[in-house]
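Undergrad: below are the sequence and a predicted model for it; my questions follow.
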Amino acid sequence: MSKYQKYYLNREYQNQGFPALVDLVLNEHHLILDVGSGDGANLVLLTKRGHEAVGLTLSEIEAHTIRNKGLSCVVCDISEVELPFPEQSFDAVLFSHVLEHLPWPEEVLTRYLKLVRPGGGIYIALPNVLNIAQRWQFFHGQFKYQETGVMDRTHLRFFDFESARNLAESVGIRVIHHFGIGQCPLGPLRKTFPILCQKIDKWTTKQWPGLFSFHIVIIGKAK
């Protein structure tokens with residue numbers, strides 16, 4: 001195991017989950033595998049929506065947290081060749097901000113697609129390295145890693161709106177939906193006109209997803 005992999009053994013990703021992605025999981029996809037489940041936030045959201053969900057993490061600390069919530073979790077290095085479950089075990093698989101942490105996400109996607117039943121769902125979220133805020137930093141010659149966000153220092157791969165779709169299609173995923181979630185920089189207007197700003201966010205992100213998206217979402221089907 002590399003030093004990079006060992007880093008994750010003692011790290012716990014704590015967040016509120018990604019409701020915008022979880023809410024897109026079809027009801028017919030009952031049994032879900034959440035790859036790179038962090039502290040189990042998405043597992044909680046999936047369970048509340050009536051799904052049966054299993055988490056997958058490299059961290060024993062995260063696994064302990066997840067199990068204390070009464071949820072299922074398997075400790076596994078997803079970069080390894082051997083799959084932790086039999087093929088076609090799940091109705092869908094979820095990759096929420098995971099693939100950017102891998103040196104070869106194509107290989108991982110290819111292997112884990114085998115765990116999805118034919119016609120099952122693939123739910124992917126990736127950070128957009130070319131969102132407007134990040135472009136501004138690049139314009140000013142800044143390429144600084146951070147503890148979280150797009151420039152998280154554990155990110156090994158970077159994606160924009162088009163390359164994210166190319167990643168999915170390159171491994172045989174049939175893309176059904178491909179869109180962005182983000183904001184238009186509106187500054188103090190957000191406090192004065194919050195509803196209007198939400199509408200502007202939705203419109204601008206739909207029109208120019210490569211510019212205004214913070215999150216790139218891909219919903220697809222397995223063959």
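TA: Structure received. Residues are numbered from 1 along each chain as shown.

Undergrad: which residues in this structure form helices?
TA: 3-9, 19-22, 41-48, 60-68, 105-112, 132-139, 161-170, 189-192, 194-207, 209-212 (DSSP state H).

Undergrad: would you turn the ones you listed into TSV with distance to H30 and mean neighbour count?
TA: C-beta: built from backbone N, CA, C; applies to glycine. As requested, the helices of the chain are exported to TSV (distance: least, Cβ to Cβ, whole Å; neighbours: other Cβ atoms under 10 Å):
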stretch	distance to H30	mean neighbour count
helix 3-9	29	13
helix 19-22	14	18
helix 41-48	10	21
helix 60-68	19	18
helix 105-112	18	18
helix 132-139	37	14
helix 161-170	23	17
helix 189-192	38	12
helix 194-207	30	14
helix 209-212	30	20
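
Undergrad: distance to I32 and mean pLDDT added to those, as TSV?
TA: As requested, the helices of the chain are exported to TSV (distance: least, Cβ to Cβ, whole Å; pLDDT from 0 to 100):
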stretch	distance to I32	mean pLDDT
helix 3-9	22	58
helix 19-22	9	95
helix 41-48	6	96
helix 60-68	14	92
helix 105-112	12	96
helix 132-139	30	93
helix 161-170	18	97
helix 189-192	34	92
helix 194-207	26	96
helix 209-212	25	97
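
Undergrad: mind checking the ones you listed for the one nearest to I124?
TA: helix 161-170 (6.4 Å; Cβ to Cβ).

Undergrad: contacting residues around the closest one?
TA: Where contact means Cβ atoms under 8 Å, 6 or more residues apart in numbering, the residues beyond helix 161-170 that reach it are 99, 105-106, 109, 122, 124, 126, 128, 130, 159, 175, 178, 180, 209-210, 213, 216, 218, 220.

Undergrad: with adjacent residues omitted, what lies nearest to W104?
TA: With sequence-adjacent residues excluded and distances taken as Cβ to Cβ, 6 or more residues apart in numbering, W104 is closest to S79, at 7.7 Å.

Undergrad: phi first, then psi, for the closest residue to N27 other than its chain neighbours.
TA: Among residues not flanking N27 along the chain, G50 sits closest, at 7.1 Å (Cβ to Cβ, 6+ apart). For G50, the backbone dihedrals are phi 100, psi 10 (criterion: degrees, to the nearest 10).
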